[in-house]
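1. how would this look folded up:
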Amino acid sequence: MPSSPEPRWEGGIPHRRFTNNRRATPTEARRLGGGGEPVMKSTTAQDFPSHAYVIAHYPRAAVLRVPHPALTFSASAIKLLLRPNLHCPRMTTSETTILLCSDLDRTLLPNGPQPESPQVRALLRRVAERPEIKLAYVSGRHRELLREAIDSYQLPEPDYAITDVGTRIYTNNDGHWQVWDAWEAEIGPDWNGKRHDELAMLFADLSPLTLQETEKQNIFKLSYYVELDTDRSALLEDMSLRLTYAGVRANLIWSVDELEHVGLLDILPASANKLHAIRFLIDTLHIPASRTLFAGDSGNDLAVLTSGMQSVLVANAAPDVREAAVQAVREGGHRDSLYLAMGSFFDMNGNYAAGVLEGLAHFFPETAAWLRNKDAVTD
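-> Numbering: from 1, shown residues only. The predicted structure is shown next:
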(Lines give C-alpha, C1' and ligand atoms only; values in the text may rest on other atoms or scores of the structure.)
Protein backbone atom coordinates (compact mmCIF):
# COMPACT_ATOMS: atom_id res chain seq x y z
CA MET A 1 0.00 0.00 0.00
CA PRO A 2 1.48 3.39 -0.91
CA SER A 3 2.29 5.70 1.99
CA SER A 4 0.36 8.66 0.59
CA PRO A 5 -2.73 7.54 -1.38
CA GLU A 6 -5.35 9.78 -2.88
CA PRO A 7 -7.75 11.30 -0.30
CA ARG A 8 -10.96 9.44 0.56
CA TRP A 9 -14.03 11.65 0.90
CA GLU A 10 -16.52 11.16 3.71
CA GLY A 11 -19.02 13.80 4.76
CA GLY A 12 -17.40 16.23 2.34
CA ILE A 13 -13.99 16.13 4.09
CA PRO A 14 -10.83 14.38 2.88
CA HIS A 15 -9.35 11.66 5.10
CA ARG A 16 -5.67 11.11 4.40
CA ARG A 17 -4.35 7.75 5.58
CA PHE A 18 -0.66 7.18 6.21
CA THR A 19 1.02 3.87 6.96
CA ASN A 20 1.31 3.33 10.73
CA ASN A 21 -0.54 6.60 11.29
CA ARG A 22 2.71 8.47 10.68
CA ARG A 23 3.24 12.24 10.41
CA ALA A 24 2.94 13.88 7.03
CA THR A 25 6.23 14.97 5.53
CA PRO A 26 6.68 18.70 4.83
CA THR A 27 6.05 18.04 1.13
CA GLU A 28 2.85 16.14 1.90
CA ALA A 29 1.75 18.85 4.30
CA ARG A 30 2.31 21.53 1.66
CA ARG A 31 0.38 19.47 -0.88
CA LEU A 32 -2.53 19.41 1.53
CA GLY A 33 -2.27 23.17 2.03
CA GLY A 34 0.29 23.17 4.80
CA GLY A 35 2.64 25.75 6.24
CA GLY A 36 0.44 26.73 9.16
CA GLU A 37 0.74 26.78 12.91
CA PRO A 38 1.44 24.00 15.41
CA VAL A 39 -1.49 21.62 15.87
CA MET A 40 -3.82 22.88 18.60
CA LYS A 41 -7.11 21.05 18.14
CA SER A 42 -8.58 17.98 16.43
CA THR A 43 -12.03 17.91 14.89
CA THR A 44 -14.16 15.43 13.02
CA ALA A 45 -15.53 15.73 9.52
CA GLN A 46 -18.97 16.80 10.72
CA ASP A 47 -17.52 20.07 12.04
CA PHE A 48 -16.72 21.43 8.58
CA PRO A 49 -18.90 22.51 5.65
CA SER A 50 -17.15 20.96 2.64
CA HIS A 51 -13.76 19.85 1.35
CA ALA A 52 -13.91 22.63 -1.26
CA TYR A 53 -14.13 25.19 1.52
CA VAL A 54 -11.09 23.72 3.24
CA ILE A 55 -8.99 23.63 0.11
CA ALA A 56 -10.09 26.95 -1.41
CA HIS A 57 -10.28 29.15 1.63
CA TYR A 58 -7.53 28.24 4.04
CA PRO A 59 -4.35 27.03 2.34
CA ARG A 60 -2.31 27.65 5.51
CA ALA A 61 -4.34 25.18 7.58
CA ALA A 62 -1.64 22.52 7.87
CA VAL A 63 -2.79 18.93 7.99
CA LEU A 64 0.12 17.63 10.03
CA ARG A 65 -1.31 14.39 11.43
CA VAL A 66 -4.46 12.56 10.38
CA PRO A 67 -5.57 9.90 12.88
CA HIS A 68 -8.64 8.26 11.35
CA PRO A 69 -11.32 9.55 11.09
CA ALA A 70 -10.43 13.12 12.07
CA LEU A 71 -8.55 15.94 10.41
CA THR A 72 -6.24 18.06 12.54
CA PHE A 73 -6.02 21.82 12.03
CA SER A 74 -4.45 24.76 13.78
CA ALA A 75 -6.58 26.71 16.25
CA SER A 76 -7.00 29.71 13.97
CA ALA A 77 -7.86 27.40 11.09
CA ILE A 78 -10.84 26.12 13.08
CA LYS A 79 -12.18 29.67 13.35
CA LEU A 80 -11.49 30.31 9.68
CA LEU A 81 -13.24 27.21 8.46
CA LEU A 82 -16.42 28.06 10.35
CA ARG A 83 -16.64 31.54 8.77
CA PRO A 84 -18.72 31.83 5.57
CA ASN A 85 -17.48 33.58 2.43
CA LEU A 86 -13.92 33.85 3.68
CA HIS A 87 -11.78 35.72 1.16
CA CYS A 88 -8.28 34.38 0.75
CA PRO A 89 -7.40 34.09 -2.95
CA ARG A 90 -5.39 31.24 -4.32
CA MET A 91 -3.58 31.39 -7.60
CA THR A 92 -1.30 29.25 -9.69
CA THR A 93 1.89 31.04 -10.59
CA SER A 94 4.34 30.29 -13.34
CA GLU A 95 8.03 29.74 -12.78
CA THR A 96 8.69 33.20 -14.21
CA THR A 97 6.42 35.08 -11.78
CA ILE A 98 8.13 37.75 -9.65
CA LEU A 99 6.39 39.16 -6.58
CA LEU A 100 7.64 42.72 -6.03
CA CYS A 101 6.67 44.05 -2.59
CA SER A 102 7.54 47.68 -1.96
CA ASP A 103 7.14 50.26 0.75
CA LEU A 104 5.71 53.55 -0.52
CA ASP A 105 6.82 56.69 1.31
CA ARG A 106 10.41 57.57 0.40
CA THR A 107 10.79 54.19 -1.33
CA LEU A 108 8.59 54.49 -4.41
CA LEU A 109 7.29 57.95 -3.56
CA PRO A 110 9.90 60.70 -4.03
CA ASN A 111 8.69 62.57 -0.93
CA GLY A 112 12.07 62.84 0.76
CA PRO A 113 14.77 65.51 0.36
CA GLN A 114 16.89 63.58 -2.16
CA PRO A 115 16.33 64.08 -5.91
CA GLU A 116 14.45 61.58 -8.05
CA SER A 117 15.86 60.32 -11.33
CA PRO A 118 13.96 61.68 -14.35
CA GLN A 119 11.34 59.40 -15.89
CA VAL A 120 11.97 56.63 -13.38
CA ARG A 121 8.28 56.17 -12.59
CA ALA A 122 7.58 55.69 -16.31
CA LEU A 123 10.14 52.87 -16.25
CA LEU A 124 8.49 51.44 -13.14
CA ARG A 125 5.11 51.45 -14.89
CA ARG A 126 6.67 49.65 -17.87
CA VAL A 127 8.04 46.93 -15.61
CA ALA A 128 4.74 46.61 -13.74
CA GLU A 129 2.94 45.97 -17.04
CA ARG A 130 4.95 42.80 -17.55
CA PRO A 131 2.81 39.66 -17.07
CA GLU A 132 5.58 38.17 -14.92
CA ILE A 133 5.27 40.91 -12.29
CA LYS A 134 2.87 40.77 -9.36
CA LEU A 135 3.08 44.10 -7.56
CA ALA A 136 2.25 44.58 -3.89
CA TYR A 137 2.41 47.88 -2.03
CA VAL A 138 3.32 47.61 1.66
CA SER A 139 2.41 50.74 3.58
CA GLY A 140 1.34 52.15 6.89
CA ARG A 141 -1.24 54.22 4.99
CA HIS A 142 -4.91 53.30 4.99
CA ARG A 143 -6.53 52.44 1.68
CA GLU A 144 -7.80 55.93 0.86
CA LEU A 145 -4.38 57.51 1.43
CA LEU A 146 -2.77 54.73 -0.58
CA ARG A 147 -5.18 55.39 -3.42
CA GLU A 148 -4.37 59.10 -3.21
CA ALA A 149 -0.63 58.37 -3.49
CA ILE A 150 -1.12 56.12 -6.53
CA ASP A 151 -3.09 58.82 -8.31
CA SER A 152 -0.93 61.79 -7.27
CA TYR A 153 2.38 60.15 -8.20
CA GLN A 154 1.10 58.15 -11.17
CA LEU A 155 2.24 54.86 -9.71
CA PRO A 156 1.28 51.59 -11.39
CA GLU A 157 -1.81 49.86 -10.05
CA PRO A 158 -0.83 47.13 -7.59
CA ASP A 159 -2.17 43.60 -7.66
CA TYR A 160 -2.13 43.49 -3.86
CA ALA A 161 -1.75 45.94 -1.00
CA ILE A 162 -0.73 45.52 2.63
CA THR A 163 -2.02 48.59 4.44
CA ASP A 164 -2.78 50.08 7.86
CA VAL A 165 0.59 49.11 9.40
CA GLY A 166 0.16 45.47 8.33
CA THR A 167 -3.37 44.96 9.63
CA ARG A 168 -5.05 44.62 6.24
CA ILE A 169 -4.34 42.86 2.94
CA TYR A 170 -6.25 43.66 -0.23
CA THR A 171 -6.56 42.20 -3.69
CA ASN A 172 -6.97 44.88 -6.35
CA ASN A 173 -9.06 43.61 -9.24
CA ASP A 174 -9.37 46.42 -11.81
CA GLY A 175 -9.93 49.01 -9.10
CA HIS A 176 -12.12 46.82 -6.91
CA TRP A 177 -10.28 46.38 -3.63
CA GLN A 178 -11.27 43.30 -1.68
CA VAL A 179 -10.03 42.82 1.86
CA TRP A 180 -8.60 39.43 2.85
CA ASP A 181 -10.78 38.06 5.64
CA ALA A 182 -8.28 35.24 6.03
CA TRP A 183 -5.57 37.68 7.14
CA GLU A 184 -7.88 39.23 9.73
CA ALA A 185 -8.62 35.74 10.99
CA GLU A 186 -4.86 35.07 11.17
CA ILE A 187 -4.13 38.07 13.39
CA GLY A 188 -7.48 38.29 15.18
CA PRO A 189 -6.78 35.78 17.99
CA ASP A 190 -4.20 38.20 19.43
CA TRP A 191 -7.04 40.49 20.46
CA ASN A 192 -9.00 37.77 22.24
CA GLY A 193 -12.14 38.29 20.20
CA LYS A 194 -12.21 42.07 20.67
CA ARG A 195 -12.53 44.79 18.02
CA HIS A 196 -10.82 48.17 18.03
CA ASP A 197 -13.91 49.94 19.43
CA GLU A 198 -14.08 47.48 22.32
CA LEU A 199 -10.40 48.03 23.11
CA ALA A 200 -10.97 51.78 23.07
CA MET A 201 -13.24 51.40 26.09
CA LEU A 202 -10.22 50.23 28.10
CA PHE A 203 -8.61 53.65 27.64
CA ALA A 204 -11.64 55.94 27.80
CA ASP A 205 -10.38 57.62 31.01
CA LEU A 206 -6.90 58.46 29.66
CA SER A 207 -7.03 62.18 28.90
CA PRO A 208 -3.79 62.40 26.83
CA LEU A 209 -5.41 60.17 24.18
CA THR A 210 -7.60 61.44 21.36
CA LEU A 211 -9.04 58.94 18.89
CA GLN A 212 -7.92 59.48 15.31
CA GLU A 213 -10.44 59.83 12.51
CA THR A 214 -12.71 56.91 11.61
CA GLU A 215 -10.92 56.22 8.31
CA LYS A 216 -7.66 55.68 10.23
CA GLN A 217 -9.19 52.89 12.31
CA ASN A 218 -10.12 49.35 11.34
CA ILE A 219 -11.21 46.17 13.05
CA PHE A 220 -7.66 45.42 14.20
CA LYS A 221 -6.13 48.89 14.33
CA LEU A 222 -6.81 51.36 17.13
CA SER A 223 -5.13 54.73 16.58
CA TYR A 224 -4.76 57.80 18.80
CA TYR A 225 -3.29 61.26 18.74
CA VAL A 226 -1.18 61.91 21.85
CA GLU A 227 -0.06 65.21 23.31
CA LEU A 228 3.71 65.51 22.91
CA ASP A 229 4.29 66.65 26.50
CA THR A 230 2.75 63.40 27.78
CA ASP A 231 4.90 61.09 29.93
CA ARG A 232 5.11 58.51 27.16
CA SER A 233 6.75 55.75 29.22
CA ALA A 234 4.14 55.93 31.96
CA LEU A 235 1.29 56.05 29.45
CA LEU A 236 2.49 53.05 27.46
CA GLU A 237 3.12 51.05 30.63
CA ASP A 238 -0.39 51.78 31.88
CA MET A 239 -1.93 50.83 28.54
CA SER A 240 0.12 47.64 28.31
CA LEU A 241 -1.07 46.52 31.74
CA ARG A 242 -4.69 47.11 30.82
CA LEU A 243 -4.28 45.11 27.63
CA THR A 244 -2.61 42.26 29.51
CA TYR A 245 -5.43 42.10 32.05
CA ALA A 246 -7.91 41.95 29.17
CA GLY A 247 -6.07 38.98 27.64
CA VAL A 248 -4.99 41.02 24.62
CA ARG A 249 -1.63 40.56 22.88
CA ALA A 250 -0.78 43.83 21.19
CA ASN A 251 2.02 46.02 19.88
CA LEU A 252 1.95 49.71 20.75
CA ILE A 253 3.60 51.66 17.94
CA TRP A 254 4.67 55.23 18.73
CA SER A 255 5.63 57.85 16.15
CA VAL A 256 5.49 61.63 15.72
CA ASP A 257 3.78 63.74 13.06
CA GLU A 258 6.42 66.45 12.84
CA LEU A 259 4.26 68.71 10.65
CA GLU A 260 1.33 68.67 13.06
CA HIS A 261 3.48 68.44 16.19
CA VAL A 262 1.49 65.60 17.66
CA GLY A 263 2.26 62.05 18.78
CA LEU A 264 0.75 59.07 16.96
CA LEU A 265 -0.03 55.82 18.74
CA ASP A 266 -1.20 52.67 16.94
CA ILE A 267 -2.39 49.60 18.85
CA LEU A 268 -2.14 46.49 16.69
CA PRO A 269 -2.39 42.72 17.14
CA ALA A 270 1.02 41.42 18.20
CA SER A 271 1.35 39.36 15.02
CA ALA A 272 0.31 42.17 12.65
CA ASN A 273 3.42 43.53 10.98
CA LYS A 274 4.91 43.93 7.52
CA LEU A 275 7.04 40.79 7.66
CA HIS A 276 4.25 38.48 8.78
CA ALA A 277 1.84 40.00 6.24
CA ILE A 278 4.30 39.58 3.35
CA ARG A 279 4.99 35.98 4.30
CA PHE A 280 1.26 35.33 4.49
CA LEU A 281 0.89 36.83 1.01
CA ILE A 282 3.75 34.70 -0.33
CA ASP A 283 2.36 31.51 1.21
CA THR A 284 -1.15 32.17 -0.05
CA LEU A 285 -0.05 32.95 -3.60
CA HIS A 286 2.39 30.02 -3.64
CA ILE A 287 5.24 32.17 -4.86
CA PRO A 288 8.65 30.89 -3.71
CA ALA A 289 10.96 33.14 -1.74
CA SER A 290 13.45 32.95 -4.62
CA ARG A 291 10.91 34.80 -6.80
CA THR A 292 10.11 37.51 -4.26
CA LEU A 293 11.70 40.92 -3.63
CA PHE A 294 11.02 43.53 -0.96
CA ALA A 295 12.08 47.19 -1.23
CA GLY A 296 12.27 49.63 1.68
CA ASP A 297 14.03 52.68 3.04
CA SER A 298 13.48 53.21 6.76
CA GLY A 299 13.69 51.77 10.25
CA ASN A 300 10.19 50.34 10.11
CA ASP A 301 11.31 48.24 7.12
CA LEU A 302 14.27 46.70 8.95
CA ALA A 303 12.42 43.59 10.11
CA VAL A 304 11.80 42.62 6.48
CA LEU A 305 15.11 43.90 5.09
CA THR A 306 17.07 41.79 7.60
CA SER A 307 14.82 38.70 7.63
CA GLY A 308 16.69 36.81 4.91
CA MET A 309 14.04 37.68 2.33
CA GLN A 310 15.54 39.06 -0.89
CA SER A 311 15.49 42.82 -0.32
CA VAL A 312 16.80 46.12 -1.64
CA LEU A 313 17.51 49.19 0.47
CA VAL A 314 17.16 52.28 -1.73
CA ALA A 315 20.06 54.74 -1.89
CA ASN A 316 18.16 57.54 -0.16
CA ALA A 317 17.92 55.51 3.06
CA ALA A 318 19.41 57.19 6.13
CA PRO A 319 22.99 56.12 6.97
CA ASP A 320 21.96 54.70 10.35
CA VAL A 321 19.32 52.51 8.69
CA ARG A 322 21.87 51.27 6.14
CA GLU A 323 24.38 50.50 8.90
CA ALA A 324 21.82 48.69 11.04
CA ALA A 325 20.59 46.62 8.09
CA VAL A 326 24.08 45.54 7.02
CA GLN A 327 25.06 44.61 10.55
CA ALA A 328 21.89 42.56 11.08
CA VAL A 329 22.21 40.52 7.88
CA ARG A 330 25.88 39.85 8.58
CA GLU A 331 25.09 38.63 12.07
CA GLY A 332 22.23 36.56 10.67
CA GLY A 333 24.49 34.92 8.10
CA HIS A 334 22.51 36.03 5.04
CA ARG A 335 24.34 39.09 3.77
CA ASP A 336 23.62 38.13 0.15
CA SER A 337 19.88 38.58 0.74
CA LEU A 338 20.23 42.37 1.05
CA TYR A 339 21.20 44.60 -1.86
CA LEU A 340 22.19 48.22 -1.26
CA ALA A 341 21.22 50.44 -4.18
CA MET A 342 24.14 52.63 -5.19
CA GLY A 343 23.05 54.35 -8.40
CA SER A 344 24.57 54.26 -11.90
CA PHE A 345 22.05 51.61 -13.03
CA PHE A 346 20.74 53.00 -16.34
CA ASP A 347 22.38 56.29 -15.34
CA MET A 348 19.92 56.66 -12.45
CA ASN A 349 20.83 57.75 -8.92
CA GLY A 350 19.45 54.79 -6.93
CA ASN A 351 16.98 56.91 -4.98
CA TYR A 352 13.34 55.91 -4.61
CA ALA A 353 12.00 53.88 -7.57
CA ALA A 354 15.44 53.93 -9.23
CA GLY A 355 16.78 51.93 -6.31
CA VAL A 356 13.86 49.53 -6.50
CA LEU A 357 14.52 48.86 -10.19
CA GLU A 358 18.24 48.52 -9.51
CA GLY A 359 17.56 45.90 -6.86
CA LEU A 360 15.08 44.11 -9.12
CA ALA A 361 17.73 43.82 -11.84
CA HIS A 362 20.29 42.61 -9.29
CA PHE A 363 18.18 39.67 -8.12
CA PHE A 364 16.41 39.08 -11.46
CA PRO A 365 18.83 40.04 -14.28
CA GLU A 366 16.24 39.31 -16.95
CA THR A 367 14.33 42.42 -15.88
CA ALA A 368 17.11 44.73 -17.12
CA ALA A 369 16.26 43.71 -20.69
CA TRP A 370 12.69 44.87 -20.15
CA LEU A 371 13.99 48.37 -19.47
CA ARG A 372 16.34 48.39 -22.45
CA ASN A 373 13.67 47.29 -24.91
CA LYS A 374 10.81 49.80 -24.95
CA ASP A 375 8.68 47.35 -26.96
CA ALA A 376 9.20 44.48 -24.52
CA VAL A 377 6.12 45.08 -22.41
CA THR A 378 4.51 41.74 -22.99
CA ASP A 379 5.65 38.52 -24.55
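2. for the residue lying closest to Arg106 once chain neighbours are set aside, helix, strand, or coil?
-> Closest residue to Arg106 apart from its sequence neighbours, by C-beta to C-beta, 6 or more residues apart in numbering: Gly112 at 4.2 Å. C-beta here means a position set from N, CA and C on the backbone, and glycine is covered the same way. What DSSP: H, G, I helix; E, B strand; the rest coil gives for Gly112 is coil.
3. how about the contacts made by the spatially closest residue to Phe364 that is not a sequence neighbour?
-> Leaving aside its chain neighbours, Phe364 sits nearest to Ile98 (5.8 Å; criterion: C-beta to C-beta, 6+ apart). Residues near Ile98 by C-beta atoms under 8 Å, 6 or more residues apart in numbering: Glu132, Ile133, Lys134, Arg291, Thr292, Leu293, Leu360, Phe364, Thr367.
4. Asn300: neighbour count?
-> 18 (other C-beta atoms under 10 Å).
5. for Ala128, same thing?
-> 17.
6. shift numbering so it begins at 49
-> Shifting the count to begin at 49 puts that one at Ala176.
7. my guess is it meets Tyr185, correct?
-> No - using C-beta atoms under 8 Å, Ala176 makes no contact with Tyr185, being 10.9 Å away.
8. that older thread, give me the pLDDT for the residue nearest to Phe412.
-> On pLDDT, Ile146 comes in at 97.
9. gap between it and Ser255?
-> Ile146 sits 50 Å away from Ser255, going by C-beta to C-beta, to the nearest Å.
10. mind checking the SS state of the residue sitting nearest the centre point of the chain?
-> What sits nearest the mean C-alpha location of the chain, by C-alpha atoms, centre = their mean, is Ala325, with 2.3 Å. Following three-state DSSP, Ala325 is assigned to helix.
11. show me what contacts it?
-> Counted by C-beta under 8 Å, 6+ apart, Ala325 has contacts Val186, Ile210, Gly214, Ile217, Trp231.
12. test my guess that Leu361 contacts Val377.
-> No - Leu361 is beyond contact range of Val377, at 10.1 Å (criterion: C-beta under 8 Å).
13. between these two, which is the more surrounded one?
-> The neighbour count for Leu361 versus Val377, taken as other C-beta under 10 Å, is higher for Leu361 (27 against 19).
14. Lys242 versus Val296, what's the distance?
-> 6 Å.
15. an error on my part: the question was meant for Val175.
-> Relative to Lys242, Val175 is positioned 42 Å away (criterion: C-beta to C-beta).
16. ok, back up a step: the contacts of Ala325: which two are farthest apart?
-> Spanning the widest gap among the contacts of Ala325 are Val186 and Trp231, at 13.0 Å by C-beta to C-beta.
17. quick revisit: residues in contact with the residue nearest to Arg154?
-> Counted by C-beta under 8 Å, 6+ apart, Gly160 has contacts Arg154, Asp345, Asn364, Asn399, Tyr400.
18. all strands of the stretch 299-427 of the chain, in order?
-> Taking DSSP state E, counting those that start in this stretch to define them, one finds strands in the stretch 299-427 of the chain at 310-317, 340-344, 359-361, 386-388.
19. do the stretch 149-298 of the chain as well
-> Counting by DSSP E, counting those that start in this stretch, the strands of the stretch 149-298 of the chain are 181-186, 208-211, 216-221, 224-227, 257-259, 270-274, 298-305.
20. deepest-packed of the ones you listed, please.
-> strand 208-211 (a mean of 26; mean count of other C-beta atoms under 10 Å).
21. name the strands paired with that strand and say parallel or antiparallel.
-> Here strand 208-211 is paired, per DSSP bridges, with strand 181-186 (parallel), strand 216-221 (antiparallel).
22. and for Leu361 and Val377, which residues touch both?
-> Common contacts of Leu361 and Val377 (C-beta under 8 Å, 6+ apart): Leu353, Leu386.
23. thinking again about what came up before, take the contacts of Gly160 and write them to TSV, including neighbour count.
-> Shown next, in TSV, are the contacts of Gly160 (neighbours: other C-beta atoms under 10 Å):
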residue	neighbour count
Arg154	21
Asp345	30
Asn364	22
Asn399	26
Tyr400	31
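24. return the member of the residues you listed nearest to Leu203.
-> Using C-beta to C-beta, the contacts of Gly160 come closest to Leu203 at Tyr400, 11.0 Å.
25. give me the neighbour count for Asp245.
-> Quick note: Asp245 (other C-beta under 10 Å) scores 11 neighbours.
26. now swap in the one 3 residues further on and tell me
-> Applying the criterion other C-beta under 10 Å, we find 17 residues in the vicinity of Ala248.
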